[in-house]
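just need the structure, nothing else, for what follows:
(2 chains)
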Amino acid sequence: MSTIVLDRAAVRVAVDGRPAPKTLLGELSLRLTEQRIGVIGANGSGKSTLLRLLNGLVAPSSGTVTVDGSDTVRAVREVRRRVGFVFTDPLSQLVMPTGREDVELSLRRSVRNARERSSQAEATLDRFGLLPLADQSIYELSGGERQLLALAAVLAVDPEVLVLDEPSTLLDLRNRELLRRTLAGLSQQVILSTHDLDLALDLDRVLVVDAGSVVFDGGPAAAVAHYRAICAETLPAPGPGPDRPRLNQPHVSQPRLEQL
Amino acid sequence: MSGHGFLFANYVPGNSLLHRAPLWLKFLLVLACGMASFLIVDWVVAAAALVLMCALFLLSGAGFRRLFRAVRPVLPVLAAIGLFQWWQLGGPTAARIVLNVLVCIVAASILTATTPVQRLLDGVASLAQPFRRFGADPERFALTIAIMLRSIPFIAGAYSDVRDSARARGLERNPRALILPVFITTVAFARQTGEALAARGLGEHETGEHAPPATPAAGHSLP
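You can find the predicted model right below:
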């Protein structure tokens, strides 16, 4: 299992008209070693930014992120070879017109021989039950098939870690279940963000992110309960009434943020 | 996103003569058609060339529907060009120009309908090998073609979607309501594609251990 270490990593971006940079993710120190790790939290809380740090799609403004000792900024190529990334919308990830071609594109760097590349692509598609759809246009596939294809294209190069940014958000119940089973059967370390709390309950460790900070880090049941409590507190009371104050202060009770 | 037609025909598996023809010969065919569009001055010759190209396309087994789908997206533009040229230079010249463009599109469609994309990319990468001595990465040439093949139908689809939205709001005559959203969608698409490629480690320098992350945060800047 890989070890991903965030050492006081923070992400800030300059915004026009603001004197100070906006903080997307506050200073964070984590050591990720478990096989199944989840990140849950509200929209815009910083989940995607946290995940993008892990394969170098976002560079930390301060601090460092390393994957088995490789820095995500200085050794980004090595990191991306080890860490595969699956986006929420598979259409933003699939580059080629058909599934077969997209999986073969993934393999271009690692497999030079065209025949070998083709047979490896077929084997990958077959593993995910996608071979009958290999030559169909990606626009003719269902949402679940596209998501599985995006997953297959990333797993074709056999990364050690798989990072998935809300992979089930666009899926219906059946496809969500299919994805859950597929992820459960993978040997890779899986780190995913999700709004599907049932999926989060299957994981080994869950981080709750709120307003750019990890406010809870622990077992899935406790994390989901913590997240529900945050949601309940920040939800306005039903019906008309006076403006209510926002109660989204970070809840740092019982955190299990590991110190380096 | 609707309207994701392909400007050129998608690959159709088969074993026709054209499928088995070497890639360089098919490249040469496209090149010859492109050159001929400058050299042919008689619309009758252009029409004959178009008939020949269409016959070759149909011989590949790709079918009439795919042929029509390949040329359909450019028909409105060609109609506008043809009418303008007719008004300016007369019927024969207008017919020659329109027919020559169609010859090029059908020839390119023959190439894409009978050649798997990966073989096409391998061919482009091989052609780009001589540029390696100048520091160029041939795989990047191939990737550029792959991105172009993906981007053209997306932008066409984006335009189609935006036009439908503008119609629904009664803004179909407002150019700003058409152009600006397509422009923004295209920029967002380019960014998404860049991120997707970066996440998969595609398009990076073969020896580049110091390649920059796709999204620089404050304090980091792209070179």
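
which secondary element of chain B has the worst mean pLDDT?
Across the helices and strands of chain B, the lowest-confidence element by mean pLDDT, DSSP states H and E is helix B:138-168, at a mean of 81.

close to chain A, is that one?
Yes. For helix B:138-168 and chain A, the contact criterion (CB under 8 Å from any CB of the partner chain) is met by B:E139, B:A142, B:A146, B:I147, B:L149, B:R150. Heads up, the C-betas are built off the backbone N, CA and C, glycines and all.

since we're on the second one, how many residues are nearby?
Read it as B:A142. The criterion is other CB atoms under 10 Å in any protein chain shown. On that basis, B:A142 has 24 neighbouring residues.

wait, what's in contact with B:P116?
Residues touching B:P116, when contacts are defined by CB atoms under 8 Å, 6 or more residues apart in numbering or on different chains, comprise A:E101, B:Y11.

any idea of the pLDDT on it?
As summarised for this prediction, B:P116 has a pLDDT of 84.

pLDDT weak spots in the chain?
With no chain named, the answer covers chain A. Across chain A, the stretches falling below the confidence threshold (pLDDT under 70) are A:239-260.

oops, chain B please
Scanning chain B for pLDDT under 70 picks out the ranges B:1-9, B:203-223.

Three-state assignment for A:I37, please.
strand (DSSP: H, G, I helix; E, B strand; the rest coil).

wait, isn't it in contact with A:S193?
No. Using CB atoms under 8 Å, A:I37 is not in contact with A:S193; the gap is 9.9 Å.

just how off-centre is the least confident helix or strand of chain B within its chain?
In terms of CA atoms, centre = their mean, to the nearest Å, the centre of helix B:138-168 is found 9 Å from the chain centre.

would you mind listing the buried residues in that helix?
B:138-143, B:145-147, B:149-150, B:153-163, B:166 (16 or more other CB atoms under 10 Å in any protein chain shown).

ok, the residue in the stretch 151-260 of chain A that chain B sits nearest to - contacts?
Closest approach of the stretch 151-260 of chain A to chain B (CB to the nearest CB) occurs at A:V154, with a separation of 6.8 Å. With contact taken as CB under 8 Å, 6+ apart, A:V154 is in contact with A:G84, A:F85, A:V86, A:S106, A:L162, B:R200.

now with 6 Å?
A:V154 makes contact with A:G84, A:V86 under the criterion CB atoms under 6 Å, 6 or more residues apart in numbering or on different chains.

so how far is B:R119 from it?
In this view, A:V154 and B:R119 are 23 Å apart by CB to CB, to the nearest Å.

now A:L24
When distance is defined by CB to CB, A:L24 is 43 Å away from B:R119.

between these two, point out the one with more neighbours.
Set side by side, A:L24 and B:R119 give different neighbour counts by other CB under 10 Å, the larger being at A:L24 (22 against 15).

using CSV, list the CA coordinates for the helix or strand harbouring that one.
For A:L24, the enclosing helix or strand under DSSP states H and E is strand A:22-32. Once non-C-alpha atoms are left out, strand A:22-32 reads as follows in CSV (Å, rounded to 0.1, in the frame of the first residue of the first chain):
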residue,chain,number,x,y,z
LYS,A,22,-8.4,33.1,-1.2
THR,A,23,-7.8,29.9,0.8
LEU,A,24,-9.2,26.9,-0.9
LEU,A,25,-7.6,24.5,1.5
GLY,A,26,-6.1,25.5,4.9
GLU,A,27,-2.8,24.1,6.1
LEU,A,28,-3.2,20.4,6.4
SER,A,29,-1.0,17.5,7.6
LEU,A,30,-2.1,14.0,6.9
ARG,A,31,-0.7,10.6,6.4
LEU,A,32,-2.8,8.4,4.1
